[in-house]
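A.B. asks: whatever this is, show me its structure:
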Amino acid sequence: MAGLKTALTGYATYKGREGHINFLLHRITGLGTGISSQFIFLDTALVYFNPTYIQRQLSSTRNTYFGIGEILLVFCVFFPTG
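C.D. replies: Numbering: from 1, shown residues only. Now for the predicted structure:
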């Protein structure tokens, strides 16, 4: 557990070097893209087993929080890494 805490504080603390903020944003956007793609794959797989599931899922994702999440996902995909 101490190794994980050391790794997380090592990522989060600013070291004063150029590109550190870009490095952190690159890691965060990569995690966001990976997590959202897993949810998309899960939803698509569940539709195969229960076809009426898609209507319930679409109606539950029509709110402000999911809209903000989609905007953040577009930022994650188009974030420049160079």
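A.B. asks: pLDDT score assigned to the residue sitting nearest the centre point of the chain?
C.D. replies: Nearest to the mean C-alpha position of the chain, by C-alpha atoms, centre = their mean, lies Gly32 at 1.3 Å. On the pLDDT scale, Gly32 is placed at 82.
A.B. asks: need phi/psi at it.
C.D. replies: Taking degrees, to the nearest 10, you get phi -60, psi -40 for the backbone angles of Gly32.
A.B. asks: isn't it right up against Cys76?
C.D. replies: Yes: Gly32 is in contact with Cys76 according to C-beta atoms under 8 Å; the separation is 4.5 Å. Yep, even glycine has a C-beta here, placed from its N, CA and C like the rest.
A.B. asks: packing partners for the strand or helix carrying Phe39?
C.D. replies: If you go by DSSP states H and E, Phe39 is part of helix 20-49. Counting contacts by 3 or more C-beta pairs under 8 Å, 6 or more residues apart in numbering; DSSP states H and E, helix 20-49 packs against helix 2-12, helix 53-60, helix 64-78.
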